[in-house]
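Q: Please find the sequence and the predicted model below.
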Amino acid sequence: MSQPAIDVSDCAIVCFEMQRGVVGDLASMPVIKDAIDESGVIGEISRLMQPCRDAGIPVLHMTAARRADGRGGYANMPYITQHLARTKDSPAANSLVLGNPGVDVVPELSAPDDIVLVRLHGVSGFHDTGLDTMLRSLGKRTIILVGSSVNRGIAGTAIEGINHGYTIVIPREAVCGYPLDYRDQMLEHSLKAIAHIPSVDEVLALLGESA
């Protein structure tokens, strides 16, 4: 493996926005859903998660949601304001409202002991979510970062993780971007400078080495 050694006992999986209303059966953003389906990233994350759980690595899901009255969110991000305007008269308008099933993690990636942290605003897993506090309480300083997408959430969470002193590991097949080939460009030209980028198989091999 070309990456420096990763201490499995120090790891937690942070899974970004792999929820029904973003990438699953209730998805309302086709550009993201199409890339997720084409990439097969849900299957790759699932293939990674269960062996990690079996090895004692905690799984934390970062989900996006909003209040029905909009409080706690800000209309300062073009993609989201355009999406809300586009869907305001459709059932998709409420898909990410707190308490609705669109906020739920897709069933293929959910397990009873997983930890779910909800974000009302922003594009980073660290923004007003308690992620840093949770990771510190678990005694973890290395993040295995997976999910959607490198365009915003994965990139933002990786950078904030570095700012908070964490080591970041991004298994390349376990993240997505749109258009689909943008994932490889982002990993190669931006994220590789701050994070370790192994394959899913290389991460799984580390679990065997630590057994």
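A: Yep, that arrived.
Q: contacts and neighbour counts: CA atoms only from here.
A: OK.
Q: So what touches the lengthiest helix in the chain?
A: Identified as the longest helix of the chain according to DSSP state H is helix 41-54. With contact meaning CA atoms under 8 Å, 6 or more residues apart in numbering, helix 41-54 is reached by 13, 36, 58-59, 108-109, 146-147, 173-176, 200, 203-204, 207.
Q: can you name the two of those residues that are farthest apart?
A: Across the contacts of helix 41-54, the longest distance by CA to CA is 26.0 Å; it joins I36 and L207.
Q: Which one's more surrounded, the two?
A: Neighbours of I36 and L207, each counted by other CA atoms under 10 Å, are more numerous for I36; the result is 25 against 17.
Q: where along this protein do the strands fall?
A: Counting by DSSP state E, the chain has strands at residues 11-16, 59-64, 115-119, 142-148, 167-169, 175-176.
Q: could these go into CSV alongside mean pLDDT?
A: Formatted as CSV, the strands of the chain follow (pLDDT from 0 to 100):
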stretch, mean pLDDT
strand 11-16, 98
strand 59-64, 97
strand 115-119, 97
strand 142-148, 98
strand 167-169, 98
strand 175-176, 97
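Q: Could you save the ones you listed as JSON lines and add columns showing distance to G102 and mean neighbour count?
A: Listed next are the strands of the chain as JSON lines, based on distance: least, CA to CA, whole Å; neighbours: other CA atoms under 10 Å:
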{"stretch": "strand 11-16", "distance to G102": "14", "mean neighbour count": "25"}
{"stretch": "strand 59-64", "distance to G102": "9", "mean neighbour count": "24"}
{"stretch": "strand 115-119", "distance to G102": "12", "mean neighbour count": "18"}
{"stretch": "strand 142-148", "distance to G102": "15", "mean neighbour count": "26"}
{"stretch": "strand 167-169", "distance to G102": "27", "mean neighbour count": "23"}
{"stretch": "strand 175-176", "distance to G102": "19", "mean neighbour count": "27"}
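Q: Now distance to R136 too, for those strands, in CSV please.
A: Output for the strands of the chain, formatted as CSV (distance: least, CA to CA, whole Å):
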stretch, distance to R136
strand 11-16, 11
strand 59-64, 13
strand 115-119, 14
strand 142-148, 11
strand 167-169, 13
strand 175-176, 24
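Q: Would you mind saying which of those lies nearest P101?
A: Proximity to P101, assessed across the strands of the chain by CA to CA, is greatest for strand 59-64 (11.7 Å).
Q: Within its sheet, name the partner strands of that closest one and how each one runs.
A: Looking at strand 59-64 with DSSP bridges, its partner strands are strand 11-16 (parallel), strand 115-119 (parallel).
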